[in-house]
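A.B. asks: Give me a 3D structure for the following:
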Amino acid sequence: MVHAYVFIITSKAREQEVAETIGELQMVKNTHIVTGDIDVVAFIEAPDLSALWDTVNHIQTLPAVTRTTTSLVVEPV
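C.D. replies: Purely as a prediction, here's the structure:
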C-alpha cells in the first residue's frame, strides 16, 4: 500500500468544489480545505505507485486545479 498527501492550489473560491469532487475518488481517503498558500489537502491510499499517480493525474486535470504538490509517506507511524 502506498500513501501520499496531495497539496492542491485551486482557482479563486473553488476549493469547496475541488474538495468535494476529489473526495469522491476511490483512493482519496480524506480531503481538507485549509488556510495559507494551499487550498486543499488530500490523503490518498493506493495499492501501488501506478494507481497513486493515476489518481494524482486525475486531480491535476480538474479545471479548477492550478497546481499540486505530492508528498509520499515514507514511514507511517
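
A.B. asks: so what does the longest helix along the chain touch, helix or strand wise?
C.D. replies: Secondary structure of the chain per DSSP state H: the longest helix is helix 49-60. Judged by 3 or more C-beta pairs under 8 Å, 6 or more residues apart in numbering; DSSP states H and E, the packing partners of helix 49-60 are strand 2-10, strand 40-46, strand 65-72. Glycine gets a C-beta too; all of them are placed from N, C-alpha and C.

A.B. asks: list the contacts for L62?
C.D. replies: Residues near L62 by C-beta atoms under 8 Å, 6 or more residues apart in numbering: V18, T21, I22.

A.B. asks: rewinding a little: comparing the helices and strands packed on helix 49-60, which comes out most buried?
C.D. replies: Mean neighbour count (mean count of other C-beta atoms under 10 Å) peaks for strand 40-46 among the helices and strands packed on helix 49-60, with a mean of 21.

A.B. asks: picking that back up, can you redo the helices and strands packed on helix 49-60 as JSON lines with distance to V34?
C.D. replies: Output for the helices and strands packed on helix 49-60, formatted as JSON lines (distance: least, C-beta to C-beta, whole Å):
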{"stretch": "strand 2-10", "distance to V34": "9"}
{"stretch": "strand 40-46", "distance to V34": "6"}
{"stretch": "strand 65-72", "distance to V34": "13"}
